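>>> What follows is a predicted structure for the sequence shown.
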Amino acid sequence: MLNRGGYTDTPMCYLGGFHFMVVMKNKDMETQFLYRKDELWGEHFVSVILWEGQCIKFEWVAELKINGVPFHIQDYEIFDNIGVSFGRIVKGSDFSWAESYVPIGGAMF
């Protein structure tokens with residue numbers, strides 16, 4: 001993407017999560033890059049912002065396996081409620097009484 005746009009000497013660094021940092025040599029290159037969404041970076045990134053020292057929010061996706069929930073309260077809602085304490089639920093619990101003889105639940109957050 002950078003080579004195609006003529007930014008051959010421009011490093012791109014992975015910051016974690018879904019974030020990358022592209023280091024430009026000067027302000028003109030920054031401005032030009034920001035306005036070339038359709039032809040350059042629109043198919044690869046949702047948005048591009050100019051970093052001015054602000055904190056960057058990271059989002060991670062992780063699967064949580066939960067063991068030890070008392071037998072009489074096991075339910076997908078219980079496992080989801082436990083998962084919420086670790087973050088926002090992306091995919092709810094896969095717990096099922098019909099499919100599992102071992103009482104293990106999980107949630108993706």
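Structure's in. What do you need?
>>> Please count neighbours and contacts with C-alpha atoms only from this point.
Will do.
>>> Hmm, residue 17 and residue 59 touching each other?
Yes: at 5.6 Å, residue 59 counts as touching residue 17 under the criterion of C-alpha atoms under 8 Å.
>>> Quick check: residue 77 vs residue 97, distance?
13 Å (C-alpha to C-alpha, to the nearest Å).
>>> In CSV, list the C-alpha atoms belonging to stretch 36-48.
The C-alpha atoms that make up stretch 36-48 are tabulated as CSV, following Å, rounded to 0.1, in the frame of the first residue of the first chain:
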residue,chain,number,x,y,z
ARG,A,36,-5.8,9.8,-0.4
LYS,A,37,-8.4,7.4,1.2
ASP,A,38,-10.1,6.2,-2.0
GLU,A,39,-7.0,5.6,-4.0
LEU,A,40,-4.6,4.5,-1.3
TRP,A,41,-5.7,3.3,2.1
GLY,A,42,-9.5,3.0,2.1
GLU,A,43,-9.6,-0.7,1.3
HIS,A,44,-7.1,-1.5,4.1
PHE,A,45,-8.2,0.8,6.9
VAL,A,46,-11.4,2.1,8.3
SER,A,47,-9.9,5.4,9.4
VAL,A,48,-6.6,7.2,9.5
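>>> Pull out the buried positions in that stretch.
By neighbour count on 16 or more other C-alpha atoms under 10 Å, the buried set for stretch 36-48 is 37, 40-41, 48.
>>> now for these, which pair is the farthest apart?
40 and 48 (11.4 Å; C-alpha to C-alpha).
>>> And for residue 93, the neighbour number?
Neighbourhood size, residue 93 [other C-alpha atoms under 10 Å]: 25.
>>> Check it and give its pLDDT.
At residue 93, the model reports a pLDDT of 86.
>>> Mind jotting down where the helices sit in this structure?
Using DSSP state H, the helices found in the chain span residues 27-34, 76-84.
>>> now for the ones you listed, which one comes closest to residue 68?
Nearest of the helices of the chain (C-alpha to C-alpha): helix 76-84, 10.9 Å.
>>> Counting by contacts, list what the closest one packs against.
strand 105-108 (3 or more C-alpha pairs under 8 Å, 6 or more residues apart in numbering; DSSP states H and E).
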